[in-house]
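S.K.: build the 3D model from these lines:
(one chain, ligands or ions: 1)
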Amino acid sequence: MIDAHLHLGRLKEPKLLLTQAKACGLSSFVTSSTTLDDLSINLDLAKSFNGFCSLGLHPCFIKNLEDFSYFAQKIAAHPNLRAIGECGFDKKSPLDFTLQQELVKKHLELASKLNLPVSFHLTSHGQDAVSLVKLYKVRGMVHWAQGSVETIKAYLRADLYLSFCTSSKITATMEEIFYITPKERILVESDFDEIKAQRMAYDVNSLYALVEKIAKIKGLSAKTLEDQISENFFNLYGGK
Ligand SMILES: [Zn+2]
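M.R.: From the prediction side, this is the model:
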């Protein structure tokens, strides 16, 4: 099983949890750093547990654009650093939309320079992100993909991968989204769940349950979809 987006650096005992998760079938993952503070722990975990790391400034965790210059200077090529992000748009961001847009552009420039895919966080303005993907000709994924069917179709037309989250509510719209998303574009993720983190749990079984749900809607076996997700993951992030 693959976990395309989670935050191991925020967990109390990530090594213990990863060891348990590996025993339950977790084969690889992308652990996301949203500030520079947890970058070294995430890179270390990615290296030791056969995973990858992504790095970006989350729109909710940044105070001003100058933070990005410092951040960009600190980024150096690392074999386990395989994506830039999460970056994107969020109504809860302290930055207004124009500044958030500037911040996304800076991430896309960096991704383009380092030839890395982008991990998007889009709780709003999905169509604006799609325009920027086309403008900067970057590839990438939308983490915790949800929203209207129209927005999802726009992501797919921009060749973005969609990562579905175990904490997502499975509404009728979500079921339609699972149905219309080609299997070659699907990823799954656990992201970060404060309650589970408090309980010190990392539940790989919830990923299996989600894959089973999506597979059923698509008329596939869970194993076929799980294998396809693994292929999609390495297509996007590069070899093991
Ligand atoms: Zn996240």
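
S.K.: which stretches of the chain form helices?
M.R.: Secondary structure of the chain (DSSP state H): helices located at 14-23, 39-48, 66-74, 97-114, 126-136, 149-157, 172-180, 194-198, 204-218, 222-237.

S.K.: so the fifth one versus helix 149-157, what angle?
M.R.: Spelled out, that is helix 126-136. Between helix 126-136 and helix 149-157, the angle comes out at 20 degrees (axes from the mean of the first three to the mean of the last three C-alpha atoms, to 10 degrees).

S.K.: tabulate the helices of the chain (JSON lines), appending mean pLDDT and mean neighbour count.
M.R.: Glycine gets a C-beta too; all of them are placed from N, C-alpha and C. Below are the helices of the chain laid out as JSON lines (pLDDT from 0 to 100; neighbours: other C-beta atoms under 10 Å):
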{"stretch": "helix 14-23", "mean pLDDT": "92", "mean neighbour count": "17"}
{"stretch": "helix 39-48", "mean pLDDT": "91", "mean neighbour count": "18"}
{"stretch": "helix 66-74", "mean pLDDT": "76", "mean neighbour count": "13"}
{"stretch": "helix 97-114", "mean pLDDT": "94", "mean neighbour count": "18"}
{"stretch": "helix 126-136", "mean pLDDT": "97", "mean neighbour count": "17"}
{"stretch": "helix 149-157", "mean pLDDT": "98", "mean neighbour count": "17"}
{"stretch": "helix 172-180", "mean pLDDT": "98", "mean neighbour count": "15"}
{"stretch": "helix 194-198", "mean pLDDT": "65", "mean neighbour count": "11"}
{"stretch": "helix 204-218", "mean pLDDT": "96", "mean neighbour count": "18"}
{"stretch": "helix 222-237", "mean pLDDT": "98", "mean neighbour count": "18"}
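
S.K.: and of those helices, who's closest to residue 89?
M.R.: helix 97-114 (5.4 Å; C-beta to C-beta).

S.K.: in terms of secondary structure, what does the closest one contact?
M.R.: Secondary-structure packing of helix 97-114 (3 or more C-beta pairs under 8 Å, 6 or more residues apart in numbering; DSSP states H and E): helix 66-74, strand 81-89, strand 118-122, helix 126-136.

S.K.: show me the contacts for the residue nearest to residue 80 when sequence neighbours are not counted.
M.R.: Counting by C-beta to C-beta, 6 or more residues apart in numbering, residue 80 lies nearest to residue 46, which is 4.0 Å off, once chain neighbours are set aside. By C-beta atoms under 8 Å, 6 or more residues apart in numbering, residue 46 lies in contact with 29-31, 52-53, 80.
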